[in-house]
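Undergrad: sequence first, then the predicted structure, then my questions.
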Amino acid sequence: MTPFAADGRGTERGSNFFLGFLFLPRRKREALSAVYAFCRAVDDISDSGALSREEAEKAFEGWRREIGLLMEGKPETPLGRRLLGPLREFNLPREPFLEVIRGCAMDLGPARFKDFAELDFYMDGVAGAVGGLGMRIFGCDHTPEERQKEFAALFGRAFQLTNIIRDVGADLDMGRVYIPESEMREAGYTPEDLKRREHSQAFDRLMNALYDRARLSYRRARSLIDFRDRPRLFSAEIMAHVYEATLEKIRREGFPVLFERVRLAKLEKARAVVRAWLYCHGL
C-alpha cells in the first residue's frame with residue numbers, strides 16, 4: 001500500500017498527489033509522474049486482487065529485471081522507457097526502485113507487524129523509498145544529502161501512518177492490519193477487538209498514539225531541511241499539508257475510521273495548499 005495507491009484508485013489526476021504535481025516545472029512534473037506510474041503499477045500487483053500469489057511473485061520479479069535493464073539503458077516495457085529520461089536527468093539510483101518493489105511484495109503475505117521496527121521496515125519500502133526518488137527530482141541546494149535522505153524517510157513514514165489511521169476499516173476489509181501489535185497491547189486493545197471493529201476508549205488511545213507518532217514524524221522531517229530549500233519542496237509540502245489536514249480531521253471527528261474513510265472537501269484542500277505556500281515562503 002504505497003501512499004500513491006492509498007491516496008485513491010484510478011488515474012493520477014484523481015489523486016491528492018496531483019495537486020503537488022501541478023506546481024512543478026514541466027520536466028520535474030513529467031519525471032514525478034513517471035515515478036508515480038511505476039509505484040502504482042508495482043502496488044497494483046498485490047492490491048488489485050487479480051493475480052494469484054505465484055503470478056504476483058513473477059510480476060515482482062519481472063519488475064526487478066526491468067529495473068536492472070533500465071539501469072543499463074535498455075528497458076523493455078513502455079513504463080521502463082518512460083522512466084529512462086528522468087533516470088538520466090535526475091540521476092535516480094537503483095536501490096529506491098527495488099525498495100518500492102520489496103515493500104509492495106510484503107503485502108502478498110498477511111499484513112501483521114509485531115512492533116514499530118517491523119512496520120518501519122515496511123514503510124521505508126512503500127513510502128520512504130518513494131520520497132527518496134522525489135527528493136532527487138525536487139533538488140535541494142543547501143540541505144546535506146544525508147539530511148535529505150532522513151527527511152524522505154520521515155516524511156514517508158508520516159504519510160504512511162496517516163494512511164494507516166485513515167484506512168483501518170478498508171484494510172480490515174482486505175484482511176490486513178498495519179497497526180503494530182505492541183501498540184495495541186500498550187493501549188489495552190486487542191486484534192480481536194479490531195476484528196469486531198470495537199470503537200472503545202482503548203481504540204481512541206491507540207489512534208491517538210498513532211496520531212502523535214505521525215505528527216512527530218512530520219515535525220522531525222521538517223527540522224532537517226534548510227529553510228532556503230523550502231520553496232523547492234513546495235509540491236512535497238502541498239501533499240504533506242493535505243495529509244496533515246486529513247489527519248487532523250480524523251482526530252477532530254473522533255477517529256470514525258473503523259466504518260468510514262474520512263476525506264477532505266475541495267475547500268479544505270485549497271486551504272491546505274495555501275498553508276503549504278505560506279510555510280515554504282516563511283510567512
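TA: Happy to help now that I have it. These numbers come from a predicted model, not from an experiment.

Undergrad: quick one: low-confidence parts of the stretch 1-150 of the chain?
TA: Flagging of the stretch 1-150 of the chain using pLDDT under 70 yields the residue ranges 1-18.

Undergrad: repeat that with 90
TA: Counting by pLDDT under 90, the stretch 1-150 of the chain has low-confidence residues at 1-24, 46-51, 109-112.

Undergrad: give me the neighbour count for Gly156.
TA: Gly156: 27 surrounding residues under other Cβ atoms under 10 Å. Just so you know, the C-beta spots here come from the backbone N, C-alpha and C atoms, and that holds for glycine as well.

Undergrad: now do the one 3 residues further on
TA: Counted with other Cβ under 10 Å, the burial measure for Phe159 works out to 31 neighbours.

Undergrad: just Arg197 next, same as before
TA: Counted with other Cβ under 10 Å, the neighbours of Arg197 add up to 13.

Undergrad: test my guess that it contacts Glu260.
TA: No. Under the criterion of Cβ atoms under 8 Å, Arg197 is not in contact with Glu260, lying 11.3 Å apart.

Undergrad: so what sits against both of those two?
TA: Taking Cβ atoms under 8 Å, 6 or more residues apart in numbering as the criterion, Arg197 and Glu260 both touch Gly169.

Undergrad: other residues contacting stretch 253-270?
TA: Residues from elsewhere that reach stretch 253-270 (Cβ under 8 Å, 6+ apart): 16, 19, 165-170, 172, 197, 199, 203-204, 207-208, 242, 245-246, 249-250, 272.

Undergrad: what about stretch 87-103, start to end distance?
TA: 21 Å (Cα to Cα, to the nearest Å).

Undergrad: buried sites along that stretch?
TA: 87, 90, 92, 96-103 (16 or more other Cβ atoms under 10 Å).

Undergrad: okay, now the nearest residue to Asp124 once chain neighbours are set aside: neighbour count?
TA: Of all residues not flanking Asp124 in the chain, Ala153 sits nearest, at 6.1 Å (Cβ to Cβ, 6 or more residues apart in numbering). The local packing of Ala153 (other Cβ under 10 Å) involves 21 other residues.
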